[in-house]
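Visitor: the sequence isn't on hand, but the structure is:
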């Protein structure tokens with residue numbers, strides 16, 4: 001299974017957190033949050049509000065948490081997603097036309 005940006009981000013920021021307390025605060029079971037952190041499962045749509053609370057807790061946008069970094073430019077927004085699958089690195093950029 002390819003590691004997702006979501007997993008990397010929460011592993012980085014939640015390393016020192018008490019997952020039980022945070023899960024309770026977000027309205028999640030400890031098991032679900034633990035599975036997200038160890039990359040056994042990704043969030044489903046039924047948990048999107050909890051993911052939004054997690055993004056707020058981490059002081060980032062939902063988009064940044066789920067798909068990667070967001071860079072604001074003068075006239076467009078570029079969303080850049082990088083991932084590795086079967087040992088090969090991929091990069092996707094989405095540009096907004098005005």
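Guide: Yep, that arrived. Everything quoted here is computed from the prediction, not taken from an experiment.

Visitor: any low-confidence regions in the protein?
Guide: Low-confidence regions of the chain, defined here as pLDDT under 70, cover residues 1-4, 69-78, 96-98.

Visitor: can you give me the strands for this protein?
Guide: With strands called from DSSP state E, the chain shows them at 69-72, 77-85, 88-95.

Visitor: pick the most deeply packed of the ones you listed.
Guide: With neighbours defined as mean count of other Cβ atoms under 10 Å, these peak in mean count at strand 77-85, which reaches a mean of 13. To be clear about C-beta, it is placed using only N, CA and C from the backbone, and glycine gets the same treatment.

Visitor: who are the packing partners of it?
Guide: Contacting strand 77-85 under the criterion 3 or more Cβ pairs under 8 Å, 6 or more residues apart in numbering; DSSP states H and E are the following elements: helix 5-13, helix 62-67, strand 69-72, strand 88-95.

Visitor: surely residue 84 is in contact with residue 91?
Guide: No - with contact taken as Cβ atoms under 8 Å, residue 84 and residue 91 are classed as non-touching, separated by 10.3 Å.

Visitor: gap between residue 89 and residue 9?
Guide: Separation of residue 89 from residue 9 (Cβ to Cβ, to the nearest Å): 18 Å.

Visitor: and residue 44, by the same measure?
Guide: Where residue 9 is concerned, residue 44 sits at a distance of 18 Å (Cβ to Cβ).

Visitor: more neighbours, those two?
Guide: More neighbours surround residue 9 than the other of residue 44 and residue 9, with 19 against 9 (other Cβ atoms under 10 Å).

Visitor: closest one to residue 30 among the strands of the chain?
Guide: Between residue 30 and the strands of the chain, the tightest spacing by Cβ to Cβ is seen for strand 77-85, at 27.4 Å.

Visitor: partners of the closest one in the sheet?
Guide: Applying DSSP bridges to the sheet, strand 77-85 is found paired with strand 69-72 (antiparallel), strand 88-95 (antiparallel).
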